[in-house]
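Chemist: My questions concern the predicted model and sequence given below.
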Amino acid sequence: MPPSLLLLSTAVLAWMCAGTLARLLPKLCAEANLCLLAWITGHLAGGALLFGLALHTWTSAPIQLKPGLLLGLLTMTLPPALTFALVDRALRADTQRQVAQWQRDGLTGLLTRRALMERAGTLRRSADGSGIAVILLDLDHFKCINDRHLHSGGDRVLVHAARQLQAGLRLTDLVARIGGEEFCILLPGASSAQALELAERLTTEARAQRVRMADGSEQRYTFSAGCAESAAMPDDDAAWAGLLERADRALYAAKRSGRDRVVPWSTELACTQASAGEHSSSLPTPNSAPPHATGSALPSVFA
Ligand SMILES: Nc1nc2c(ncn2[C@@H]2O[C@H](COP(=O)(O)OP(=O)(O)OP(=O)(O)O)[C@@H](O)[C@H]2O)c(=O)[nH]1
């Protein structure tokens, strides 16, 4: 076998071995240290081999493909290949971590507002003719909970409330934490009656919850909720914005009328709010989209 072919096949073999090792070894030691070790070993082995070849040339001895030389080739190619595979693996893991970070709220584990936007875009593209309902929920007097139990106590209530919401949904429903103590649920295929029923159930369940706090006391919480539906899947940002604004106006009405209740959106509600000069407050204006939302399905609505 010509030496060049042998070198090539050794390099390929080394690459395959490195790929396998890269999956196994990091479990045993830190990736960064292993990369460094492999890098140094590769250079030392490569240098030693070059020195050996130079020595052969200098002594005019013919180069023969003996096992020693094969081992030298392997040690020269394996460590750099391993290094490359490990760096590649670390980069992939880092990318996956970053994706997970923007998709999941760090505190509650629910979808983030941005991830919900993305999912809504997917729903829009895969629309099968059925509509969608939205429930917006906001914890009542949450500032008082923070004041009483500090921020960490408030966080504990948020986590509990998020779990309670998640537990009450179908697999196809989507729930996100879209603000400090605000949650949004998308119910693909649900009617306004179904959304209202679910919202009533969730707020009733919330009333019965007791969150065990650090000082041993039990903290209650309640939700105000607003819901709205669209008979067809919204097919552009304006339609989504309209649907969410209706749910937000309903939530606003629930807060204004005493909290701890559900208000479905209705045209009468819109008329009442218009005549009273009230406007939605918790959802921002369409032009306040965050920079990262540019070009996505719902850039303006959840901003
Ligand atoms: N613990 C905790 N508090 C948060 C977080 N994000 C926002 N908040 C707090 O949530 C509180 C929201 O207060 P408000 O907007 O006045 O609302 P509220 O007290 O629930 O009153 P209503 O909505 O009118 O019933 C503020 O005190 C924020 O500091 C968070 O991640 N953790």
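Modeler: Okay, I see it. Given the structure is predicted, the values throughout are model-derived calculations rather than measurements.
Chemist: mind checking how far Asp235 is from the ligand?
Modeler: Applying Cβ to the nearest ligand atom, to the nearest Å, one obtains 32 Å for the distance of Asp235 from the ligand. Using the backbone N, CA and C atoms, a C-beta is placed for each residue, glycine as well.
Chemist: Strands along the stretch 51-200 of the chain, start to end?
Modeler: Assigned by DSSP state E, counting those that start in this stretch, the strands in the stretch 51-200 of the chain fall at 111-112, 132-139, 174-177, 182-188.
Chemist: nearest to Arg246, of the ones you listed?
Modeler: Nearest to Arg246 among those is strand 132-139 (8.0 Å), distances taken as Cβ to Cβ.
Chemist: From the contact counts, what lies against that closest one?
Modeler: Where contact means 3 or more Cβ pairs under 8 Å, 6 or more residues apart in numbering; DSSP states H and E, strand 132-139 is packed against helix 142-167, strand 182-188, helix 192-208, strand 223-230, helix 237-256.
Chemist: Could you save the ones you listed as TSV and add columns showing mean pLDDT, distance to the ligand and mean neighbour count?
Modeler: Supplementary listing: the helices and strands packed on strand 132-139 in TSV, determined by pLDDT from 0 to 100; distance: least, Cβ to the nearest ligand atom, whole Å; neighbours: other Cβ atoms under 10 Å:
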stretch	mean pLDDT	distance to the ligand	mean neighbour count
helix 142-167	97	3	17
strand 182-188	96	9	23
helix 192-208	97	13	17
strand 223-230	97	7	26
helix 237-256	94	6	22
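Chemist: Dump these into a markdown table; add distance to Val134 as well.
Modeler: Formatted as a markdown table, these follow (distance: least, Cβ to Cβ, whole Å):
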| stretch | distance to Val134 |
| --- | --- |
| helix 142-167 | 14 |
| strand 182-188 | 6 |
| helix 192-208 | 7 |
| strand 223-230 | 6 |
| helix 237-256 | 4 |
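Chemist: circling back to that earlier point, can you redo the strands of the stretch 51-200 of the chain as JSON lines, where the extra columns are distance to Tyr221?
Modeler: Written out in JSON lines, the entries for the strands of the stretch 51-200 of the chain read as follows (distance: least, Cβ to Cβ, whole Å):
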{"stretch": "strand 111-112", "distance to Tyr221": "21"}
{"stretch": "strand 132-139", "distance to Tyr221": "6"}
{"stretch": "strand 174-177", "distance to Tyr221": "14"}
{"stretch": "strand 182-188", "distance to Tyr221": "12"}
